[in-house]
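S.K.: Predicted structure and sequence below. I'll ask about it afterward.
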Amino acid sequence: MQAAADVTKKECSWSGWKGQAIDLLYWRNVKQSGAVFSSVLLLLFSLTQFSVVSVGAYLALAALSATISFRIYKSVLQAVQKTDEGHPFKSYLEMDISLSQLFQISKYADKILLYTNTCMKELRRLFLVQDLIDSLKFAVLMWLLTYVGALFNGLTLLILAVVSMFTMPVVYEKHQAQIDEYVGLIRTLVNSVVGKIQAKIPGAKRKEE
């Protein structure tokens with residue numbers, strides 16, 4: 001019973017985090033999504049100009065400047081008004097921020113393990129040419145990535161990925177019918193080309209399961 005309850009709790013917690021991520025990417029709360037989007041972009045653009053150590057140090061100094069200034073301001077205000085409200089961050093200092101074992105391990109370990117195993121099996125299938133067409137597709141993708149890598153560094157690609165994450169879901173939601181139509185046409189064309197290649201290459205056609 002306890003194990004089942006833990007599993008249910010873990011699934012509910014994961015569903016909650018997943019729902020929050022979806023709401024963030026679909027801009028359900030414009031202020032929250034805007035704050036996260038701008039903060040991540042600012043951090044990534046900062047990393048293009050400064051080292052990770054410098055960016056971390058500047059962020060820490062900015063946070064300390066804000067908290068120290070606020071602490072001094074509240075102390076002076078309490079001295080002038082002769083009040084004793086205590087430490088301005090008392091509620092945050094007393095807040096329990098320790099991560100439980102269930103949160104740290106159980107919540108993410110299973111997902112990471114599943115994705116890792118799936119990725120390893122797929123790479124093994126592609127590199128050992130279990131299916132010739134899929135391996136050829138993968139080879140073409142890697143060939144295209146060599147040109148992408150020559151044009152952009154990893155940080156630039158990460159910035160583009162973040163921008164896409166915060167824009168593409170909204171665009172797709174607003175123009176889903178048109179996008180699905182074009183994707184369907186492209187998929188039909190690709191399948192047609194793949195079918196012709198499979199017909200001409202011996203052993204390329206998938207075996208019927």
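M.R.: Now that the structure is in, tell me what you want to look at. Numbering: from 1, shown residues only.
S.K.: what number of residues lie near Phe166?
M.R.: 20 (other CB atoms under 10 Å). To be clear about C-beta, it is placed using only N, CA and C from the backbone, and glycine gets the same treatment.
S.K.: Quick check: chain neighbours aside, which residue is closest to it?
M.R.: Phe37 (4.8 Å; CB to CB, 6 or more residues apart in numbering).
S.K.: is it true that the one you found touches Val170?
M.R.: No. Phe37 lies out of contact with Val170 (CB atoms under 8 Å); the separation is 11.2 Å.
S.K.: More neighbours: these two, which one.
M.R.: More crowded of Phe37 and Val170, by other CB under 10 Å: Phe37, with 18 against 13.
S.K.: Summarise which helices and strands the helix or strand where the more buried one lies is packed against.
M.R.: Using DSSP states H and E, Phe37 maps to helix 30-49. Where contact means 3 or more CB pairs under 8 Å, 6 or more residues apart in numbering; DSSP states H and E, helix 30-49 is packed against helix 2-25, helix 52-81, helix 154-174.
S.K.: Residues in contact with it: which ones?
M.R.: 24-25, 27, 55, 58-59, 155-156, 158-159, 162-163, 166 (CB atoms under 8 Å, 6 or more residues apart in numbering).
S.K.: Greatest separation within the residues you listed: which pair is it?
M.R.: Trp27 and Tyr58 (28.4 Å; CB to CB).
S.K.: Of these two, which one has the most company?
M.R.: Counting neighbours by other CB under 10 Å for Trp27 and for Tyr58 shows that Trp27 has the greater number, 17 against 12.
S.K.: The more buried one: helix or strand, and which one exactly?
M.R.: Using DSSP H and E, no helix or strand contains Trp27.
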